[in-house]
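S.K.: Curious how this folds, go ahead:
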Amino acid sequence: MKMFFESEADFSSFKKELSLRLASRQIRNIHDPALREAAVMMLLMNKEGAPHVLLTKRTETVATHKGQVALPGGGVDVHDGDSLAAAFRETEEEIGIARNKIEYLGRFDDYISIAGFRVACHVGAVEYPYSCALSRDEIESCFEAPLAIFVNAAYDRCELVKWQGNEYRVYFYHYQGYEIWGMTARILTDFGEVICRD
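M.R.: The predicted model follows:
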């Protein structure tokens, strides 16, 4: 895919192609009643002529993943109805970007968090610059990272970790003083490889 834009029309074409690629593949669905339901929203934008993804740094006071870089998201509540509604709600609660500001592009895969969640990944787009209002109890800061570093798998290191009898690659990226690793790095690296590469 073209990872640079000379105009907003180029970004529109990029979003359309992403939607088509997301819609045309079989989603990896994980069904395990022992896991709690959660959802994240991967928000993409045209920043300085290239696609960037919005990431947050969690506070040290949240229940899980303290101080880690994450995609906006959280647990699915009974009143949400589905994971997409939860992803929209959590995005607004955490960073103040309302549902009507997000152009929904499609559904990516499910992931299992070591905290015991089945995490559904959704993909959307927002205009840049965007306005946000951080929930200071949950989010310390937010920033935009170039999608290209994940598409190119330009990680700083990779560790092999065994969990529940399986071996997993754990990627570590560093960008502007932030360390991006764990499930967030896994989602973005997979997305770059599966959806964005030609």
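S.K.: mind checking how far Asp110 is from Ala148?
M.R.: Going from Asp110 to Ala148 by CB to CB, to the nearest Å gives 25 Å. Backbone N, C-alpha and C define where each C-beta goes, glycine included.
S.K.: One more: Leu18?
M.R.: From Leu18 to Ala148 the distance is 14 Å (CB to CB).
S.K.: Looking only at neighbour counts, state which of these two leads.
M.R.: For Leu18 and Ala148, the more surrounded residue by other CB atoms under 10 Å is Leu18, and the numbers stand at 21 against 15.
S.K.: How about the contacts made by that one?
M.R.: With contacts defined as CB atoms under 8 Å, 6 or more residues apart in numbering, the neighbours of Leu18 are Met1, Leu44, Leu105, Gly106, Val123, Ile195, Cys196.
S.K.: Okay, strands next: where are they in this protein?
M.R.: Secondary structure of the chain by DSSP state E: the strands cover 36-47, 50-58, 69-70, 73-75, 103-112, 117-125, 139-146, 157-163, 166-175, 178-181.
S.K.: For Thr91, which of those is the nearest?
M.R.: Set against Thr91 and scored by CB to CB, those come closest in strand 36-47, at 4.7 Å.
S.K.: Now do that closest one against strand 50-58, angle only.
M.R.: 140 degrees (axes from the mean of the first three to the mean of the last three CA atoms, to 10 degrees).
S.K.: Is the residue nearest the centre of the chain bridged to anything, and to what?
M.R.: The chain has Met42 as the residue nearest its centroid, 3.4 Å off, counting by CA atoms, centre = their mean. Assessed by DSSP bridges, Met42 has beta-bridge partners Val123.
S.K.: Asn166 too?
M.R.: According to DSSP bridges, the partner residues bridging Asn166 are Trp163.
S.K.: by contact count, what packs against the helix or strand of the chain with the lowest mean pLDDT?
M.R.: In the chain, the helix or strand scored least confidently by mean pLDDT, DSSP states H and E is strand 157-163, which has a mean of 90. Helices and strands touching strand 157-163, by 3 or more CB pairs under 8 Å, 6 or more residues apart in numbering; DSSP states H and E, are strand 166-175.
S.K.: how about TSV for the strands of the chain, with distance to Ala87 added?
M.R.: Below are these laid out as TSV (distance: least, CB to CB, whole Å):
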stretch	distance to Ala87
strand 36-47	4
strand 50-58	13
strand 69-70	13
strand 73-75	6
strand 103-112	9
strand 117-125	5
strand 139-146	15
strand 157-163	25
strand 166-175	22
strand 178-181	19
